[in-house]
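Asker: here is my input; please provide its structure:
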Amino acid sequence: MPDGVGKILICSCEGTMPLDTGAIQGACRGAELRAAHQLCRAEVGKFRSAAADTEPVTVGCTQESPLFTELAAEVGRERPITYVNLRETAGWSREGNKAGPKMAALIAVAQEPLPNVPLVTLQSEGVILVYGSDERAIEAGALLQEHLDVTVLLKPPASIVPSRAREFPVAKGRVQSAKGHFGAFALTINDFAEPVPSSRSMLNFGPSRDGALSRCDVILDLSGGIALFAGDELREGYLRVDPNDPVAVLKAVLKARDLVGTFEKPRYVTFAQELCAHSRSRIVGCARCLDVCPAGAIAPAGDHVAIDANLCAGCGQCATVCPTGAAGYALPPADMLLGKLRTLLTTYHDAGGDHPVVLVHDEAHGTELIGALARFGGGLPANVLPFVVNEVTQIGLEAIAAAFAYGASAMRVLSRARPRHDITALTRTLDLAQPILAGLGLGAQRISIIATDDPDVLEAELRAIELLASVAKPTSFLFAGAKRELLRFSLRELHRAACTPVDVIALPAGAPLGSIEVDVAGCTLCLACVAACPTGALSEDFDRPLVRFTEDACVQCGLCKATCPEKVISLKPQIDFRAATAPARVLKTEEPFCCVRCGKPFGVRSTIERVTAKLAESHWMFKDSPERLEAIKMCDDCRVAVISAQDFDPYGAPPRPPVRTSEDYLREREEKKRAEKEPQ
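Answerer: Numbering: from 1, shown residues only. Just a heads-up that it's a prediction; the model follows:
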C-alpha cells in the first residue's frame, strides 16, 4: 500500500465488529487512522474534522455514505470521499477478530484510482413497440401512452374486443426477425395487417402482407414466446417478461416509461484492428471472440472483426479469449486490474495475513450474496479477500497468473446459479489455468467456480477450501503494458516464484500459447505461412530460403495451418517459459537456386529442379524446347530478357480435342445399347 494516503476512518458499528487497528495501521503506513464506535451518529464530529481538510479521506462504511457525502458538502469539501465496505466483507464474520489484515487490504484497494472509461451515447425518442397476443398487451400500451409513443403488435389470430376509442395504433403480425439496439431497433413482420374501423364484437383486420418493416426505440415483449434476440437479458431497451406475471409486467412498464432521452453507457471494450488475427486473404484463422460473444455485438469485417459498442453488454469475454490483445477490456484495463490484485495481496501479507483466497465477484450478484452471508450466516472467512469486478467473465489468464504470483493460495469465482449469459470463456480460462498451476507445483484444487444464489452454499464452499501454501517467493512487480505483454510477464513471474518450476507445460486445445510443428519433408518453403502470420511469429530471411519461428510471439490463431498449401503445419498448444529469451529457431532451410545466366539466388533448389523435371516430361511448351526449359532456371530479369529474344508463338500449342456436348454422350450411349442387342 502506498505511503501518505491521508486519513482513514473506521468504525466498529456500535461494537458489532472488532477492529484490529494495529494491523490496519501497520499496513497503512503514513496514513492517519481514526477509529470510532458510532461514526455516523455520536462521533460524527470525527468525520467533520477529517472532511474539512484537503487530504484524501477514506471511510470504512458504505451504508451511511449518503449522509457522509452530505456532511462533506456542508463543510465545503470538494475532493470526493472514498468509501469501502468493511462490515459485510470483513467485520461481520465468525472470524471477525482475525479480519484486520483483510480490512487493511480492502482499504488499500479502495484507494486505487478509478479507470477513465470512454462513453457511448444512445438516443431514444420514446417510440415503443408492445408485442403481445391478447388484452394484456393493450393494457400495457394504455399505461404507457401518456409517456411514450406506443404501438401494439398482436400475434395472430389477435382475437380481442375492439376498444371504444383508438388511442394508439394496434396491428396484427408476427415478428420474423429483429436487429438493432436501444434507440434503433428494426423488425421484420410477417402476416402484418391493420384493423378495419368497422370491427364490431371482435377486432377484424384488412389484407395481410409479409416483410413489413418497423422501427422503434424500445421493445416490450409480452408475447410469451421465444426471445427476439440471443442473450436477450443483455440487450438494452428490449424488455421481455412473462405476461402471466402481473408484477413483472408492471415493473417492465415502469422501466419502459423512463427510457426516453439521451443515455450514456461505458465503451466496455477497446479494439485495435491491426492486432486482430481473424483472417488473412479470406482464410479464417482466429474466431474466439465470435464464438463467445453472447450479445451478438461482434461480426467479421474483412481481415479483422468489428465490435458494435451499441450492442456490447460488457461481459468482457472477447477480451478474455483474444490471443493478441486486439480486444481489451476497459472497466478497468487489464494493467489496472492487475494493479488492484497486487495492492490487495501485498497489503494483506504486509498486515500479517496468510493463506489468502481471492473471491472474484460482481457487484449485482456477488455483493448482495456476501451481504446476505454477513447478515444471516457466518460471514466470509478472514482469509477470503473479496475482489469486485464489473463482470466475472472479464477475468483472464493474466489475472489468474498474477494473483498466484502475488501470493494467493487459492482463487474462487462467484457466479449465479443460472448465469445471465453463457460463461464459456470463463470456463475455458480456468481449464487453461489448471494445468499451468498444477505443472508449477500448486496442485489442481487452486481455482474453481462457485455457482450459487444461496449464501449458505457459498459459506460451505469457502470454508471447505484447504489452507494451502502459496508460491515460495511472491512477486511484487507492478505489471504494465498491453494485454499480451501482461500475460507473458505474469506467467514468467509465476514461474519464477513457483515451488517446483518446469520449463514446458502442455496446454489444452485452443490455448493462446504454443508452438507449431512442420513436416519438413513436405514443406516447399513457399512462405505462404509467413505472409499469413499476423504476429510475426513466422519470418523469412531475404538472403536464403528458410522459415524461422518465434514461439513467444505465437498466438495459435491457426492461420499458418489454414493457409499452408501442402498442409504440413500443425499446432502444438503449450507454454515454454524459455521462449521469452530463446532465439528464433529455423523450421526449415534449403540451398538457394542461383540463376543460370547471372548467378543471382532467386528460389529453392529442390523446387526449381522439381518444376523443371515435371515440365520437361509432360508440357508441350518445354518437352521439346531446351531453351524454354532453361528459362525456368533464370531469375525474373533474365527470364524476361531471354523470352523476349526468342521467337515464341503462343498459339503453337497442339490442337485441342473437339468439345464434347450432351448430344455426343447421348449418341454414344445409344450406339452402345444397339451394339449390346445385336447378335454376336
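Asker: only C-alpha atoms from now on, for both contacts and neighbour counts.
Answerer: Noted.
Asker: how close does the residue found closest to S201 once you drop the neighbours it is linked to in the chain sit to P195?
Answerer: Leaving aside its sequence neighbours, S201 sits nearest to V161 (C-alpha to C-alpha, 6 or more residues apart in numbering; 6.0 Å). Going from V161 to P195 by C-alpha to C-alpha, to the nearest Å gives 12 Å.
Asker: how about K265?
Answerer: Here K265 is placed at a distance of 39 Å from P195 (C-alpha to C-alpha).
Asker: next: H37.
Answerer: Taking C-alpha to C-alpha as the measure, H37 falls 69 Å from P195.
Asker: again, but for D53
Answerer: Distance from D53 to P195, by C-alpha to C-alpha: 69 Å.
Asker: try I226
Answerer: Between I226 and P195 the computed distance is 25 Å (C-alpha to C-alpha).
Asker: who has more neighbours, those two?
Answerer: Higher neighbour count among I226 and P195: P195, with 16 against 10, using other C-alpha atoms under 10 Å.
Asker: what sits against that one?
Answerer: V170, A171, K172, L203, N204, F205, G206 (C-alpha atoms under 8 Å, 6 or more residues apart in numbering).
Asker: what's across from the first one in the sheet?
Answerer: Assessed by DSSP bridges, V170 has beta-bridge partners V152.
Asker: count the residues that sit near it.
Answerer: 21.
Asker: start at 11 instead
Answerer: Shifting the count to begin at 11 puts that one at V180.
Asker: one step back: between V171 and P205, what contacts are shared?
Answerer: Common neighbours of V171 and P205 (C-alpha under 8 Å, 6+ apart) are L213.
Asker: please report phi then psi for P276.
Answerer: phi -60, psi 150 (degrees, to the nearest 10).
Asker: excluding residues flanking it in the chain, which one is nearest P611?
Answerer: Nearest to P611 is C604, by C-alpha to C-alpha, 6+ apart, at 4.0 Å.
Asker: if I read this right, the one you found contacts G613, doesn't it?
Answerer: Yes - the pair C604 / G613 is scored as a contact, 7.4 Å apart, by C-alpha atoms under 8 Å.
Asker: leaving out chain neighbours, which residue sits closest to V94?
Answerer: G70 (4.9 Å).
Asker: just checking, the one you found touches L96?
Answerer: Yes - counting by C-alpha under 8 Å, L96 is a contact partner of G70 at 5.6 Å.
Asker: so where's the stretch 11-160 of the chain shaky on pLDDT?
Answerer: Scanning the stretch 11-160 of the chain for pLDDT under 70 picks out 11-15.
Asker: same thing but at 50, please
Answerer: Applying pLDDT under 50 to the stretch 11-160 of the chain flags residues 11-14.
Asker: how about the helices in it?
Answerer: Using DSSP state H, counting those that start in this stretch, the helices found in the stretch 11-160 of the chain span residues 31-37, 54-61, 75-84, 110-120, 145-154.
Asker: so which of those helices is nearest D313?
Answerer: Closest to D313 of those is helix 110-120 (C-alpha to C-alpha; 40.1 Å).
Asker: okay, domains of the chain per the record?
Answerer: 17-93, 131-274, 277-339, 344-512, 524-599 (automatic domain parsing).
Asker: what is the mean pLDDT for the shortest one?
Answerer: Think domain 277-339. Averaging pLDDT along domain 277-339 yields 95.
Asker: now do the same for A409: helix, strand or coil?
Answerer: Per DSSP: H, G, I helix; E, B strand; the rest coil, the local secondary structure of A409 is helix.
Asker: so it sits against L348, correct?
Answerer: Yes - A409 lies in contact with L348 (C-alpha under 8 Å); the separation is 6.0 Å.
Asker: tell me, how many residues neighbour A541?
Answerer: A541, neighbours per other C-alpha under 10 Å, totals 17.
Asker: over to S289?
Answerer: 25.
Asker: M113 too?
Answerer: Applying other C-alpha under 10 Å, we find 33 residues neighbouring M113.
Asker: which residues in the stretch 261-410 of the chain form helices?
Answerer: Using DSSP H, counting those that start in this stretch, helices in the stretch 261-410 of the chain cover 298-302, 327-331, 344-360, 378-386, 407-415.
Asker: repeat that for the stretch 561-690 of the chain.
Answerer: Under DSSP H, counting those that start in this stretch, the stretch 561-690 of the chain gives helices at 569-573, 615-628, 636-641, 646-655, 672-687.
Asker: single out the most deeply packed of those.
Answerer: helix 569-573 (a mean of 23; mean count of other C-alpha atoms under 10 Å).
Asker: so for that one, mean pLDDT?
Answerer: Averaged across helix 569-573, the pLDDT comes to 96.
Asker: count of residues packed around the nearest residue to P593 once chain neighbours are set aside?
Answerer: Spatially, and ignoring its direct neighbours in sequence, P593 is nearest to T560 (7.1 Å; C-alpha to C-alpha, 6+ apart). Using other C-alpha under 10 Å, T560 has 20 other residues around it.
Asker: for the nearest residue to A415 once chain neighbours are set aside, give me the pLDDT.
Answerer: Spatially, and ignoring its direct neighbours in sequence, A415 is nearest to L504 (4.5 Å; C-alpha to C-alpha, 6+ apart). Model confidence at L504, expressed as pLDDT, equals 95.
Asker: now do the same contact list for L504.
Answerer: A411, A412, F414, A415, T485.
Asker: what sits against the spatially closest residue to the last one that is not a sequence neighbour?
Answerer: Using C-alpha to C-alpha, 6+ apart and skipping the chain neighbours, the partner closest in space to T485 is Y416 (5.1 Å). Y416 sits next to L351, R352, L355, T356, P484, T485, S486 when contact means C-alpha under 8 Å, 6+ apart.
Asker: now swap in G376 and tell me
Answerer: Applying C-alpha under 8 Å, 6+ apart, one finds that G376 lies in contact with V398, L424, S425.
Asker: weed out the non-buried ones from the residues you listed.
Answerer: Buried by 16 or more other C-alpha atoms under 10 Å: L424, S425, out of the contacts of G376.
Asker: and the contacts of G376, which is closest to P256?
Answerer: Distances from P256 to these, taken by C-alpha to C-alpha, are shortest for S425, at 28.4 Å.
Asker: I'd assumed L468 was in contact with that closest one.
Answerer: No - with contact defined as C-alpha under 8 Å, S425 does not reach L468; the gap is 10.4 Å.
Asker: which residues do those two both contact?
Answerer: In contact with both S425 and L468: I460, T462, using C-alpha under 8 Å, 6+ apart.
Asker: hey, what's R219 bridged with?
Answerer: F202.
Asker: distance check, it against A542.
Answerer: For R219, the distance to A542 - C-alpha to C-alpha - is 49 Å.
Asker: quick one: which of these two has more around it?
Answerer: Counting neighbours by other C-alpha under 10 Å for R219 and for A542 shows that A542 has the greater number, 23 against 12.
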